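In: Pasting the sequence and the predicted coordinates here, then a few questions.
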Amino acid sequence: MPINIPSNLPALDVLLKENIFAIDSNRADSQNIRPLEVGILNLMPNKIETEIQILRLLSNTPIQINVDLIRIDETIPKNTPKSHMDAFYHEFSQVADKNYDGWIVTGAPLGLLEYEDVKYWNKMTELLDWARENVQSTMFLCWAAHAAMYHYYGVQRQLRDSKLSGVFEHSVEQPNDELMRGFDPLFWAPHSRVGEILRSDYESVDGLSVIAHSEIAGTYISATDDRRLVFVTGHPEYDASTLQQEYERDLAADLNPQLPQSYFINDDPQQEPMVRWKSHGSLLLTNWLNYYVYQNTPYDLTQLRRK
């Protein structure tokens, strides 16, 4: 079954060209089924690129999904037209009375700021508290994963000596967890961040398990035992060229970035990137939707309560 997105969202044309099964809202309204309600809180500056990346992952499932794109505040993003935000994004106040089967909260380029110095931190904590009560399962990506760990459990991230950038090998720590169903014991995933939470800090939280870990990149996936909160410190949604674009952007800004590790063929930025994370990235989102969301969410979302 397809993902249901607005008829004129730019992502729709991109997904259809890739032979990804997506339908517009007009056709979806004629189908007599109970689709999953999924919200995407998009904190990234380039909203359109991130929308396409996440919607692409959500599409690989037999479950029909209604998607709401949500903005944290009314600030006009630097890299996204205001017309796009006005046409396709909901203010949180517009969806605050709604219950969701799943939420995805993206990363944000805020790793060097203290959380309380983030201009929308008060709104962010409101959303985090709301999601704990009104969403069956929420997946936090990169900065959002660290921010959620800090808000929910008081776990502070540490700043690394240098930015972690590249594609790293990870091991499955909980092979019987449904989130890892179909995963190889060792798999690759991209990271791009300046912060890190120690594995021992994750393990100090009651009811939280480390599910996938990297000797170099640290803990990649952790989740609460009730499956309501999933913390992913990397970027399973990244396109093949995303790390390359970040590297070239930082070079142009004279930030002297390190070459992304295990990314370019022969570590040569003139060569093509080695893409070896997409299958596991897709599987992660599919497993989350199936086992953490669909298999656990009530049919009547008004019955959703914190367990």
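Out: The structure has been received and is ready for your questions. All figures in this text were calculated on a predicted structure; none of them were measured in a lab.
In: hey, let's count contacts and neighbours off CA atoms from now on
Out: Will do.
In: Secondary structure element for the closest residue to Y292 other than its chain neighbours, which one?
Out: Excluding the flanking residues, the one nearest Y292 by Cα to Cα, 6 or more residues apart in numbering is R227, at 5.7 Å. Applying DSSP states H and E as the criterion places R227 outside every helix and strand.
In: Verify the stated contact: R227 with S137.
Out: Yes: at 6.3 Å, R227 counts as touching S137 under the criterion of Cα atoms under 8 Å.
In: Give me the common contacts of the two.
Out: Y292 (Cα atoms under 8 Å, 6 or more residues apart in numbering).
In: Counting neighbours, go ahead and name the busier of the two.
Out: Neighbours were counted for R227 and for S137 using other Cα atoms under 10 Å; S137 has more, 28 against 21.
In: Shouldn't the more buried one be within a strand?
Out: Yes: applying DSSP: H, G, I helix; E, B strand; the rest coil, one finds S137 inside a strand.
In: Please tell me how far the nearest residue in space to it that is not next to it in sequence sits from W143.
Out: Take S137 and drop its neighbours on the chain: the residue closest to it by Cα to Cα, 6+ apart is R228, 4.1 Å away. Distance, R228 to W143, using Cα to Cα, to the nearest Å: 18 Å.
In: Have a look at these two and say which one is more surrounded.
Out: Counted by other Cα under 10 Å, R228 and W143 do not tie: W143 has more neighbours, with 27 against 21.
In: average pLDDT for stretch 288-297?
Out: Stretch 288-297 shows a mean pLDDT of 93.
In: neighbouring contacts of it?
Out: Contacts of stretch 288-297 (Cα under 8 Å, 6+ apart): L36, T61, D101, G102, Q136, S137, E178, L179, R227, R228, L304.
In: quick one: the strands in the stretch 101-250 of the chain?
Out: For the stretch 101-250 of the chain, strands defined by DSSP state E, counting those that start in this stretch occupy the ranges 135-141, 158-172, 186-196, 208-214, 218-224, 229-232.
In: Might you report the residue contacts of K98?
Out: By Cα under 8 Å, 6+ apart, the neighbours of K98 are N134.
In: separation between it and K17?
Out: On the measure of Cα to Cα, K98 and K17 end up 32 Å apart.
In: and what of W143?
Out: Distance, W143 to K17, by Cα to Cα: 31 Å.
In: follow-up on the earlier one: max pairwise distance over the contacts of stretch 288-297: which two?
Out: T61 and L304 (22.8 Å; Cα to Cα).
In: circling back to that earlier point, of the strands of the stretch 101-250 of the chain, which approaches L283 most closely?
Out: Closest among those, once you apply Cα to Cα, is strand 186-196, at 11.5 Å.
In: which of the residues in that closest one are buried?
Out: F187, W188, A189, P190, H191, S192, R193, V194, G195, E196 (16 or more other Cα atoms under 10 Å).
In: per-residue pLDDT, the closest residue to N287 other than its chain neighbours?
Out: Take N287 and drop its neighbours on the chain: the residue closest to it by Cα to Cα, 6+ apart is L179, 5.2 Å away. Note on L179: pLDDT of 97.
In: OK, contacts around L179?
Out: Taking Cα under 8 Å, 6+ apart as the test, what L179 contacts is L284, N287, W288, Y291, Y292.
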